[in-house]
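A.B. asks: Here's a sequence, model it:
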Amino acid sequence: MASKHVVVHGQVQGVFYRSSARDTANGLGVTGWVRNRDDGTVEMLVEGDEDAVDRMIAWAREGSPQARVSDVEVSDTEPQGSRSFEET
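C.D. replies: This is a model prediction of the structure:
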């Protein structure tokens, strides 16, 4: 199982990024969470099969149709054992 912490920069709040991330994650079968941060970025924890996690990160680089992603930071993290993907 892969577990990644992701921080997405750009115009990613107020453009349905989190709800699109949730829908994409559910389609890929990954678990974790997504949330807005006070600094205007969006943060995610993505867990699951390595290929599915990689596909979710590839999606994060594009985001929702209205988003304008400028940078994506990805780091390995310890699995939290999430059972679903939640928008928080």
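
A.B. asks: What sits closest to Ser70 if chain neighbours are left out?
C.D. replies: Once flanking residues are discounted, Ser70 sits nearest to Gly10: 3.7 Å by CB to CB, 6 or more residues apart in numbering. To be clear about C-beta, it is placed using only N, CA and C from the backbone, and glycine gets the same treatment.

A.B. asks: check which helix or strand covers that neighbour.
C.D. replies: Per DSSP states H and E: Gly10 is located in strand 2-11.

A.B. asks: How about Thr24?
C.D. replies: helix 17-28.

A.B. asks: if we can go back for a sec, can you give the contact residues for the strand holding Gly10?
C.D. replies: 17, 32, 37, 40-50, 53-54, 57, 60, 63, 66-80 (CB atoms under 8 Å, 6 or more residues apart in numbering).

A.B. asks: what separates it from the chain centre, distance-wise?
C.D. replies: Counting by CA atoms, centre = their mean, to the nearest Å, strand 2-11 is centred 6 Å from the centre of its parent chain.

A.B. asks: and what of stretch 43-62?
C.D. replies: What separates the centre of stretch 43-62 from the centre of its chain is 6 Å, taken as CA atoms, centre = their mean.

A.B. asks: Quick check: buried residues in it?
C.D. replies: Neighbour-count burial for stretch 43-62 flags 43-48, 52-57, 59-60 (criterion: 16 or more other CB atoms under 10 Å).

A.B. asks: Can you lay out these as CSV showing distance to Ala21 and pLDDT?
C.D. replies: Conversion of the buried residues of stretch 43-62 to CSV gives the following (distance: CB to CB, whole Å; pLDDT from 0 to 100):
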residue, distance to Ala21, pLDDT
Glu43, 10, 98
Met44, 6, 98
Leu45, 11, 98
Val46, 9, 98
Glu47, 14, 98
Gly48, 14, 98
Ala52, 14, 98
Val53, 13, 98
Asp54, 15, 98
Arg55, 12, 98
Met56, 8, 98
Ile57, 11, 98
Trp59, 8, 98
Ala60, 7, 98
